[in-house]
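In: Sequence first, predicted model second:
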There are 2 protein chains.
Amino acid sequence: MDEQEVGVADDKTKTTGLELRSLIKSGGELEVSLQEVAIPTPGADQVLVRVEATPINPSDLGLLFGAADLTTLKASGSPDRPVLTATVPPSALKALAGRLDQSMPVGNEGAGTVIKAGNAVAAQSLLGKTVAMIGGAMYAQYRLIKASDCLLLPIGTTAAEGASAFINPLTALGMVETMRREGHKALVHTAAASNLGQMLLKICLKDGIDLVAIVRSAQQAKLLREQGAKHVCDSSAADFLEQLTQALSDTGATIAFDAIGGGPLAGQILTCMEAVASRSAKVYSRYGSSVYKQVYIYGSLDPRPIEFTRAAGMCWGAGGWLLFNFLQKIGAADAAKLRQRVASELKTTFASHYSRVVSLPQALALDTIAAYTKRATGEKFLIDPNRG
Amino acid sequence: MDEQEVGVADDKTKTTGLELRSLIKSGGELEVSLQEVAIPTPGADQVLVRVEATPINPSDLGLLFGAADLTTLKASGSPDRPVLTATVPPSALKALAGRLDQSMPVGNEGAGTVIKAGNAVAAQSLLGKTVAMIGGAMYAQYRLIKASDCLLLPIGTTAAEGASAFINPLTALGMVETMRREGHKALVHTAAASNLGQMLLKICLKDGIDLVAIVRSAQQAKLLREQGAKHVCDSSAADFLEQLTQALSDTGATIAFDAIGGGPLAGQILTCMEAVASRSAKVYSRYGSSVYKQVYIYGSLDPRPIEFTRAAGMCWGAGGWLLFNFLQKIGAADAAKLRQRVASELKTTFASHYSRVVSLPQALALDTIAAYTKRATGEKFLIDPNRG
């Protein structure tokens, strides 16, 4: 016998499961649908997980819809097997060359119950347990995965509670870790009222780190202040740059993590940091201060080009920040420490909140899509692929 | 006796020397003039240098003219003591706050003869020698400087040959050194037909490093090819981005040093690097390749904001690159090695060419200013402050 299985009767008799797929044809048509795929059999070091909770993160939307024009989105198929189509503008096809005509599974992370396990001890030990996973193809009823890639959730933790155990928690911890490793003592975060932003605030409050939280409305500012944020700047306020400069001066923050990306904001943060650094300069240098200022861009809420004026002096850096690259850089041992902290604080620091739980067909309903593609701060959806 | 002196009779009897000064008044008026200043007496570890050659580098113009509107430049005073005035736009005054109402000496580097020396052995050993210097205030007839800050030039080297021994040579070497230390194997340079660019080309040819040279005209491309450049891209050509992508593919260059700064060029370099990296990607990732791409901006030939589109993926960095910060980062011992290489190759790899040699009053003549503020590639001026 190569494997053992547990679970409801249904899991034992089913030979196929539903999997969400996104296909962009070279002609420029996007097609999103649910496919019946064979349920695979685990190899010795693998387990089969019945996926019970998988979030719709901003980072999933890119793969799900490519660069399709969502105003052209049309629904066909049946309520149980909806098929969505939309047009991808010809100008965007070049950047998508790597995925054209390939049916792509979607869903970065999720959690569920291990219902089959290979013979290896590591696999067997997970049988019947609730685990969290990362690695794509989570918008599916079943996911085959290496036992070593699973995060065993503490007893009493549900799949829904563990569904977002990787991306947001590790991103928030990764920002703090990057700040420390690169020699900064406080940090700036934009779109700071997001689920991720609230998580980062909790870490900073717990660890005693000063956080400058940039939000886009007075309402969001209030929300964060109620959660204990001390340095909140509202980019919709007329005196935003003064607010920001004051907060940077109060905290000494010289590194920022920016989810917005396009437009002037990332550059404004560097410029305000430089204004603070210049105040304490002893001699004039036309090259600006010698205080190193860094902004990492990890999101694309604004798709316009990023603009840097030259008012930040010469001692600055900007760059992309991607969780996967960060984890690779720090190495397996340090990454494991971060994962362990997440597991032990999953119901407190790293708790995620969802606006709605939907089934796979519901995730493809036009009204649901309209809600989760708004990327409204605070709105977050969870898919339960095994919900009928 | 605290000091010894050598030199022409004139130096022994003079008590004051001319020094070029740039003053921006808080009302917004720029005033550039020649001041009579007392010739200082060296302390034990100092020497007094009669400055005989000091170049006008692009890096000097910022301090010399601030952000003054040069179309408002007016000359007054006498031919021997010209006074220039111009208007600084009110919008630019804030960034100049650190220097308002201070008479600033100008001139980053220069060379000359040590005519007085303090008692310390290091100072005494330089007496009568030709030395190169860096540190500002070189647009003057005499410069007091620490002996340890002088670069003793090899016998047979003139002050004119040693006048540019620091900024361009160390900047070009610093780019190659940065490339190596950050793990890249070939590099891109913009404004590559400049004096600095030609020097970098010579280093790359000598050291066997692939250089992608971006120039702004067919004439400059021809000039560099005649000097042995193999990968030259002309940004004025219709197929520039294809030329650049091909050159990046041929060389594997993943780091760039950009003198232009403003506009889309720095971002285009990253995007073309990413296009090359994506070609060899095995699996599709909507975050782009995992090849790290870096662009350092060290100049401001174009004062517009720098624009980065999001087509370079997530694995990229941008930042300011400043020689002084670089030298500080690598430490005194490694910086000394670079300086030693410059001294030993001053007449070959690091030879500078000047279009004209002028006196201090001539440097402030309107027609001279018009010539050196054009920042035309290939035009370079040398001041001899002791020329009558």
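Out: Nice, I can see it. Numbering: from 1, shown residues only, chains lettered A, B, ... in the order given.

In: Look up phi and psi at the residue located most distally from the centre of chain A.
Out: In chain A, the residue that sits farthest from the middle, by C-alpha atoms, centre = their mean, is residue A:283; the gap is 43.6 Å. Reported as degrees, to the nearest 10, the phi and psi values for residue A:283 are phi -120, psi 150.

In: swap in residue A:335?
Out: phi -60, psi -40.

In: Okay, and the nearest residue to it once chain neighbours are set aside sits in which element?
Out: Spatial nearest neighbour of residue A:335, chain neighbours left out: residue A:327 (4.6 Å); criterion: C-beta to C-beta, 6 or more residues apart in numbering or on different chains. From N, CA and C alone the C-beta is placed, and that goes for glycine too. According to DSSP states H and E, residue A:327 maps onto helix A:323-330.

In: what does that helix rub up against?
Out: Here helix A:323-330 makes contact (C-beta atoms under 8 Å, 6 or more residues apart in numbering or on different chains) with A:167, A:170-171, A:174, A:177-178, A:181, A:335, A:338, B:287, B:290, B:314-315.

In: Now neighbour count and secondary structure too, for these, in JSON lines please.
Out: Output for the contacts of helix A:323-330, formatted as JSON lines (neighbours: other C-beta atoms under 10 Å in any protein chain shown; DSSP: H, G, I helix; E, B strand; the rest coil):
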{"residue": "A:167", "neighbour count": "20", "secondary structure": "helix"}
{"residue": "A:170", "neighbour count": "23", "secondary structure": "helix"}
{"residue": "A:171", "neighbour count": "22", "secondary structure": "helix"}
{"residue": "A:174", "neighbour count": "23", "secondary structure": "helix"}
{"residue": "A:177", "neighbour count": "18", "secondary structure": "helix"}
{"residue": "A:178", "neighbour count": "19", "secondary structure": "helix"}
{"residue": "A:181", "neighbour count": "12", "secondary structure": "helix"}
{"residue": "A:335", "neighbour count": "18", "secondary structure": "helix"}
{"residue": "A:338", "neighbour count": "18", "secondary structure": "helix"}
{"residue": "B:287", "neighbour count": "16", "secondary structure": "coil"}
{"residue": "B:290", "neighbour count": "15", "secondary structure": "coil"}
{"residue": "B:314", "neighbour count": "23", "secondary structure": "coil"}
{"residue": "B:315", "neighbour count": "25", "secondary structure": "coil"}
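
In: which residue ranges form the strands in the stretch 1-150 of chain A?
Out: For the stretch 1-150 of chain A, applying DSSP state E, counting those that start in this stretch gives strands covering A:4-5, A:16-24, A:29-38, A:46-56, A:69-77, A:82-87, A:104-105, A:109-117, A:130-134, A:142-146.

In: so which of those strands gets nearest residue B:100?
Out: With C-beta to C-beta as the criterion, residue B:100 lies closest to strand A:69-77 of the strands of the stretch 1-150 of chain A, at 52.2 Å.

In: partners of that closest one, with directions?
Out: With DSSP bridges as the test, strand A:69-77 is paired with strand A:82-87 (antiparallel).

In: List of residues touching the strand it pairs with?
Out: Contacts for strand A:82-87 (C-beta under 8 Å, 6+ apart): A:28-34, A:65, A:68-70, A:72-77, A:361, A:364-366, A:369.

In: next one: stretch A:29-36
Out: With contacts defined as C-beta under 8 Å, 6+ apart, stretch A:29-36 is touched by A:16-25, A:64-66, A:68, A:77, A:81-88, A:103, A:360-361, A:364.

In: Would you mind listing the buried residues in that stretch?
Out: Applying a neighbour-count criterion of 16 or more other C-beta atoms under 10 Å in any protein chain shown, one finds A:30, A:31, A:32, A:33, A:34 buried in stretch A:29-36.

In: on that earlier part again, for ChimeraX, what selects the buried ones among the contacts of stretch A:29-36?
Out: In ChimeraX syntax, the buried subset of the contacts of stretch A:29-36 is picked out as below (16+ other C-beta under 10 Å):
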select /A:17,18,19,20,21,22,23,24,64,65,66,68,82,84,85,86,87,88,360,361,364
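
In: returning to that earlier point: show me which of the buried residues of stretch A:29-36 is closest to chain B.
Out: The nearest member of those to chain B, counting by C-beta to the nearest C-beta, is residue A:30 at 13.5 Å.

In: Would you mind giving the contacts of helix A:323-330 as TSV with distance to residue A:354 added?
Out: What follows is these, written out as TSV (distance: C-beta to C-beta, whole Å):
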residue	distance to residue A:354
A:167	14
A:170	19
A:171	17
A:174	22
A:177	26
A:178	27
A:181	32
A:335	26
A:338	23
B:287	25
B:290	31
B:314	26
B:315	31
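
In: Quick check: residue A:307 touching residue A:268?
Out: No. Assessed by C-beta atoms under 8 Å, residue A:307 is found out of contact with residue A:268, at 9.3 Å.

In: what does the stretch 201-350 of chain A have sitting close to chain B?
Out: When proximity is defined as C-beta under 8 Å from any C-beta of the partner chain, the stretch 201-350 of chain A approaches chain B at A:261-262, A:264, A:267, A:278, A:281, A:284-287, A:290, A:298, A:300, A:303, A:305-322, A:324-325.

In: Quick one: buried ones out of the residues you listed?
Out: A:261-262, A:264, A:267, A:278, A:285-287, A:298, A:300, A:305-308, A:310-322, A:324.

In: Now, these that are in strands?
Out: A:261, A:262, A:305, A:306, A:307, A:308, A:316, A:317, A:318, A:319, A:320 (DSSP state E).

In: Next, count neighbours for whatever residue of the stretch 1-150 of chain A ends up closest to chain B.
Out: Proximity of the stretch 1-150 of chain A to chain B (C-beta to the nearest C-beta) peaks at residue A:98, 3.7 Å away. Residue A:98: 16 surrounding residues under other C-beta atoms under 10 Å in any protein chain shown.

In: can you list the domains in chain A?
Out: As assigned by automatic domain parsing, chain A contains the domains A:3-164+A:352-383, A:168-326.
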